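S.K.: give me coordinates for this.
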Amino acid sequence: MTSLHAESPKVAGFERFFREEAPSAEGGAVLFSELGCANCHGSSAVVAPRRGPKLQDFSKRVNRTWAADFLQRSPGHGLKDGELDDVLAWISTVQGGYKPKRAAYVNAERGSAVYHEAGCVACHEPTPDFLPPGGHGGDVPKDWSGFVELPDFSEKTGLVELAHFLLSPTKYRTDGRMPHIELESPEDAIDLAAHLLDYQDSDPRRAPTVKPWPKAENAAIQRGKSLVEEKNCAACHDLPGLKAAPLKPLSAGVSGRCASLEFDLDQAQESSLAAFLAQPDPTDPTGKITLAALNCYACHDRDGVGGPGVATNPFFAGDEALGDSGRLPPPLTGIGRKLKRDWLETVFAGKKDEGRVRTYVKTQMPRYPGQAEMLAAFLEEIDLKDPGPKPAEVTDLEAGRKLLGTHGGVNCITCHQWDGRKSPGIQAMNIASLDQRLRPSWFREYLLNPASYRPGTLMPPLWPGGQSTVPDVLGGDTEKQIGAIWAFIKNGEGLPHGFPDLSSGEFELKPVDRAIIQRTFLEGVGTKAILVGFPEKIHLAWNADTCRPALLWRGRFFDAYNTWFTRAAPFESPLEEKVYPFPKVAGDAGKKPQFSGYELDAAGNPTFRWKLAGQEFSDRYEAKDGKLIRTWIGGGDSVPDLAAPEGVEAEMVKGEGKGVTVVYSWKK
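M.R.: Next up, the predicted model:
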C-alpha cells in the first residue's frame, strides 16, 4: 500500500513538471536520479550524478541531535539506537580543517534582502513579509509545488556554521543541487544565515552555535565504520578510506518500489519509476531530465518549458529599462548551439566575473564547478546537430565599425555597451567581446530575426525581412553587412562611430575664472553628491543627503560625459586617484537634515543651506592661496564636527555670531 502524497519525498523537478501528467519515463528518470537510486543501480539519464554531501567537519557544523533524527528518519537504514550512536561516533572523526569566519555585527533584515534578491527564492520559498521590487508577491499560490524545502535551521546548525556553509556550499555539496551563489562578502553570508535562522539580534556572539559532540570511544568508532561500510554509505557520500559496493543493475519490469529502502513513494512516483525502469537504455535527448533534476527550470525557459513560476517571477529584479530581458535569466533553448563550449564551461564553473555578462540582472547564475565540463559537453552534444552557415567572410573592418555605430550605421551602440563604454541609451550587454562567447552561425541567425530567439526582446529587426536598411554600406548586402559587424567585433580596433573621444578631454570640466558646480552620482558619496571645482585646483564633493562635506582632492576636477549623456548614469569618481575623505560622523538619532539648496556668489562660490530640528544652517566654501576656506553658520547651540580628512590640516577661526571659519590646507 502506498503512502499519502503528503508523506512522499518531494523532488522539485518532478513535482512541477511531471506529477500532474500521466506516469512517464522522463518523470521516473528524475526520481531515479534524485532519490539516489542510480548510486546503487546505475543507469541514470541525468548527466550530472546526484551525490550526498561530504561529511568533513560534520560534527562541527551540524548538531548531533539533528543528525541522529535525520538518520532515524532516512529511508531503510534500519539502525538501532546503539548502532546509530556508533555511526555518529565514526562521523565525528571525519575532519577537514574547519575554519569559520567570525563577524562583529549581524543584520537579519539585510540578510532577507540578500535571500530574496540574489536568487535563493528561485528554488526556496520566499517569506511572506518581504515585498519584491514590484510591491506585490509574498503569498505563495497553494498550487505552486516547485520549491525545494529547507530544513529547520534552528535545530540543525548555528549562525557562524551556517554562514560558513553559505560562503562555499560546493565544498560540501559537490553535486550541484545546492550550487554556489557568489555572495559579495562574508557579511552577506552571516546576514543571510541570520535571516534563515530568524536571529534578530545584532550581536553574533549571542547567536546559537553547534553544540559540541561527545568524545567518541575507539570501539564505537570502529563499529560505526563497519556499519557505514555494511550500509554502503559510500555509494552516495564521498567518504575517506571507503569505497562503494559494485552497482547492482535493475532488470526491466521491476516495479517502482525499492525492496531495500522505504521511501514512502506515492502511486504517481511508483508508476513513473516503473515506466523509467522499463526502458532498455535511458537517455536524455532533449536535456529536459537533467535540467529538471538540477532545477535549472526554476530560472530558465527551454523549449517552452520552465522559467520563473507564478510564485517567484516577481522576485526577479534588474534594470527595468530593459524590460523582462533586464531582470529574467536568458532562455536555454538551443544554448549548446548558441554558446561556445569553452564559454559554457566558464559560465558553469563561475570563474570570477568572466562568465557574467548580464550584470543588470540581480539574480545570479550559480556556480557548478564540479559539473562544468560535463554539462557543457552535454548541451553541445544535444543542441549542435547542425551549426548552420557562418557570417560572410568580410575584410572591410571600417564597414563593420560604421554599421555598429550611430553615424550611418544600424545604431547598435545606442543600446549596447562597448568594452567598458556606456551606451547613450539603455545599458544592454557589452557586445565588444561577443566573439568570445557566441558561435558565429548563431550570431548571424539572431541578427536576422532577434524576436524568434527571445520573444518580447527590445532588440529590433535590423534587417527586416532580410533586407538592409543601410543601402550605402557594402552595397546594401545583408550577408556582407552582418559579416562586417562580426569581423569588427572579432578583429577591429578602437570604437564604433558615435562614441565621443574621451581622451580629447572634450567633456572634462576645467574651472578657469570661477567655481564650477556639478551634481552627479559619486562613488563613496552617493546619489546626491554636489561637486565644486575651484580655479585654485582644489575641489570638494558635498553630500546633500547628509549635508556635510564628503571628499577633497587637488588637481584635475571631473569628466562629465557619463553624467550628461548616459541614461542610467553610473557612479563616477574624481579625475585624480588621490582623494581625501572627511571622517564619517554619527547623525542625531531620529533626525535627518533637510537640504534647502545652495546659493552662488559672483565668483561661483557656493553656500549650502539646510534645516535640522527646526534650525537653519549654512556652509560656504571658497578657495584662496592654495587653501580651502569653509564658513559654517548654525542655529541654536549646535557646534559642527569640523574634523579634517587625514592628510589635511584644519585651522579653526572663530567667526562672527554663530559662525565658525575653518581653513583647510595640505600637510607638507
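S.K.: what's stretch 476-483 in contact with?
M.R.: 391-394, 399, 403, 410, 443-444, 447-448, 463, 466-468, 470, 473-474 (CB atoms under 8 Å, 6 or more residues apart in numbering). Heads up, the C-betas are built off the backbone N, CA and C, glycines and all.
S.K.: next step: those residues restricted to helices.
M.R.: Ala399, Leu403, Phe443, Arg444, Leu447, Leu448 (DSSP state H).
S.K.: by neighbour count, which of those wins?
M.R.: Highest neighbour count within the ones in helices among the contacts of stretch 476-483, by other CB atoms under 10 Å: Leu403, with 24 neighbours.
S.K.: let's have the ones in helices among the contacts of stretch 476-483 in a markdown table, adding pLDDT and distance to Gly350.
M.R.: Output for those, formatted as a markdown table (pLDDT from 0 to 100; distance: CB to CB, whole Å):
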| residue | pLDDT | distance to Gly350 |
| --- | --- | --- |
| Ala399 | 97 | 37 |
| Leu403 | 97 | 34 |
| Phe443 | 97 | 24 |
| Arg444 | 97 | 29 |
| Leu447 | 96 | 29 |
| Leu448 | 95 | 32 |
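S.K.: which of those residues lies closest to Ala234?
M.R.: Phe443 (46.6 Å; CB to CB).
S.K.: who touches the closest one in this structure?
M.R.: Phe443 makes contact with Pro391, Leu434, Ile482, Trp486, according to CB under 8 Å, 6+ apart.
S.K.: make sure Ala275 is indeed in a helix.
M.R.: Yes. Using DSSP: H, G, I helix; E, B strand; the rest coil, the assignment for Ala275 is a helix.
S.K.: spatially nearest residue to it (excluding sequence neighbours)?
M.R.: If the residues on either side of it in the chain are set aside, Ala275 comes closest to Ala25, at 4.6 Å by CB to CB, 6 or more residues apart in numbering.
S.K.: Tyr598 contacts Thr607, doesn't it?
M.R.: Yes. In this structure Tyr598 lies within contact range of Thr607 using CB atoms under 8 Å: 6.2 Å.
S.K.: for those two, indicate the residue with more neighbours.
M.R.: Legend: neighbour count by other CB under 10 Å for Tyr598 and Thr607, higher for Tyr598 (19 against 16).
S.K.: identify the bridge partners of that one.
M.R.: Phe608 (DSSP bridges).
S.K.: buried stuff in the helix or strand bottoming out on mean pLDDT in the chain?
M.R.: Ranked by mean pLDDT, DSSP states H and E, the weakest helix or strand in the chain is helix 561-565, scoring a mean of 79. Neighbour counts over helix 561-565 (16 or more other CB atoms under 10 Å) mark Tyr561, Asn562, Thr563 as buried.
S.K.: which one among those residues gets closest to Phe70?
M.R.: Nearest to Phe70 among the buried residues of helix 561-565, with distances taken as CB to CB, is Asn562, at 53.7 Å.
S.K.: would you agree the closest one is in contact with Phe571?
M.R.: No. Assessed by CB under 8 Å, Asn562 is found out of contact with Phe571, at 9.3 Å.
S.K.: any idea of the mean pLDDT in whatever helix or strand Ile489 lives in?
M.R.: Using DSSP states H and E, Ile489 sits in helix 478-491. Mean per-residue pLDDT for helix 478-491: 98.
S.K.: let's see it as CSV, backbone CA atoms only.
M.R.: What follows is helix 478-491, C-alpha atoms only, in CSV (Å, rounded to 0.1, in the frame of the first residue of the first chain):
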residue,chain,number,x,y,z
THR,A,478,22.7,41.9,-45.8
GLU,A,479,25.0,39.0,-45.5
LYS,A,480,28.1,41.1,-46.1
GLN,A,481,26.9,43.7,-43.5
ILE,A,482,26.4,41.0,-40.8
GLY,A,483,29.8,39.6,-41.8
ALA,A,484,31.4,43.0,-41.4
ILE,A,485,29.9,43.5,-38.0
TRP,A,486,31.3,40.1,-36.9
ALA,A,487,34.7,40.9,-38.4
PHE,A,488,35.0,44.2,-36.5
ILE,A,489,33.8,42.6,-33.2
LYS,A,490,36.4,39.9,-33.7
ASN,A,491,39.4,41.8,-35.1
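S.K.: in its sheet, what does the following helix or strand past that helix sit against?
M.R.: The element immediately downstream of helix 478-491 (helix or strand, assigned by DSSP H and E) is strand 508-509. Sheet pairing here is set by DSSP bridges, and for strand 508-509 it gives strand 558-559 (antiparallel).
S.K.: got a list of contacts for the strand it pairs with?
M.R.: 502, 505, 507-509, 518, 520, 531, 533, 539, 572, 574-575.
S.K.: report the distance from that strand to the chain centre.
M.R.: 31 Å (CA atoms, centre = their mean, to the nearest Å).
S.K.: also stretch 107-124?
M.R.: Relative to its chain's centre, stretch 107-124 lies at 11 Å (CA atoms, centre = their mean).
S.K.: equivalent analysis for stretch 510-526, please.
M.R.: 32 Å.
S.K.: okay, buried residues for that stretch please.
M.R.: Across stretch 510-526, burial judged by 16+ other CB under 10 Å covers Pro511, Ala515, Ile516, Ile517, Gln518, Thr520, Leu522, Val525.
S.K.: save the buried residues of helix 561-565 as CSV, and put in distance to Arg223 too.
M.R.: Formatted as CSV, those follow (distance: CB to CB, whole Å):
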residue, distance to Arg223
Tyr561, 73
Asn562, 68
Thr563, 71
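S.K.: and of these, the nearest to Lys338?
M.R.: Among the buried residues of helix 561-565, Asn562 lies closest to Lys338 (CB to CB), at 31.3 Å.
S.K.: name the next helix or strand downstream of the lengthiest strand in the chain, please.
M.R.: Longest strand of the chain, by residue count under DSSP state E: strand 615-624. Note on strand 615-624: by DSSP H and E, the next helix or strand toward the C-terminus is strand 627-633.
S.K.: hey, C-alpha coordinates of that next one in PDB?
M.R.: Extracted C-alpha coordinates of strand 627-633, given in PDB (Å, rounded to 0.1, in the frame of the first residue of the first chain):
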ATOM      1  CA  LYS A 627      43.700  76.700   0.700                       C
ATOM      2  CA  LEU A 628      40.000  75.900   1.100                       C
ATOM      3  CA  ILE A 629      38.100  78.300   3.400                       C
ATOM      4  CA  ARG A 630      34.900  77.000   4.900                       C
ATOM      5  CA  THR A 631      32.400  79.200   6.800                       C
ATOM      6  CA  TRP A 632      29.800  77.300   8.800                       C
ATOM      7  CA  ILE A 633      26.800  79.100  10.500                       C
END
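S.K.: where along the stretch 201-350 of the chain do the helices fall?
M.R.: Here the stretch 201-350 of the chain has its helices, by DSSP state H, counting those that start in this stretch, at 218-230, 267-277, 288-293, 335-338, 341-349.
S.K.: quick check: which of those helices is nearest to Cys37?
M.R.: Checking those against Cys37 by CB to CB gives helix 267-277 as the closest, at 7.7 Å.
S.K.: going by neighbour count, list what's buried in that closest one.
M.R.: Ala268, Gln269, Glu270, Ser271, Ser272, Leu273, Ala274, Ala275, Phe276, Leu277.
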